[in-house]
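quick check, what structure comes out for this input:
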Amino acid sequence: MSMFKIFDTAASGMSAQSLRLNLVASNMANVDAVSSSLEETYRARQPVFKAMLNQLNPDDPAVGVRMQGVVESKSPLRMEYLPDHPMANEDGYIFRPNVNMVEEMANMISASRSYQSNVEVINAAKQLMSATLRMGE
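The predicted structure is shown next:
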């Protein structure tokens, strides 16, 4: 693997974790959203990542990661009986998202640490390259 490809690989990881953090923020922002129907209710979203492979060189297969898509959580929505709520349906129920704040906090911490790990990879690679150049002095 070329030394410069390390930067590309780490940058793709940083980009993926940044997208993951955006989805976590969206989920957390919508945790208290209310709807009058199942179809309109916000559902928690999670990223799906895919490894990017080097098709030209099978000896150097992994070149990064990218987000392949976003999936909505299949866990059930929360239904509450609040007949006086302005968003209540004809049966008196409101619907709340299936966002689990504990899970979202864990995802946020994980994404943040993964992002930081990729930053550390870049910094270590820079230091190694600089040390290598100084050896020639």
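
at which residues are the helices of this structure located?
Ranges of helices in the chain, per DSSP state H, are 5-29, 101-135.

deepest of those, which one?
Comparing the helices of the chain on average neighbours per residue, with mean count of other Cβ atoms under 10 Å, the densest one is helix 5-29 at a mean of 17. Where C-beta positions appear, they are placed from N, C-alpha and C, glycine not excepted.

contacts for that helix?
Helix 5-29 has contacts (Cβ atoms under 8 Å, 6 or more residues apart in numbering) with 44-47, 49, 52, 60, 62-67, 70, 97, 99, 101, 104, 107-108, 111-112, 114-115, 117-119, 121-122, 125.

can you do 6 Å?
44-45, 47, 49, 64-65, 67, 99, 104, 107-108, 111, 114-115, 118, 121-122, 125 (Cβ atoms under 6 Å, 6 or more residues apart in numbering).

ok, stretch 123-135 next?
I6.

go again using 10 Å as the cut-off
For stretch 123-135, contacts defined as Cβ atoms under 10 Å, 6 or more residues apart in numbering pick out 3-7, 9-10.
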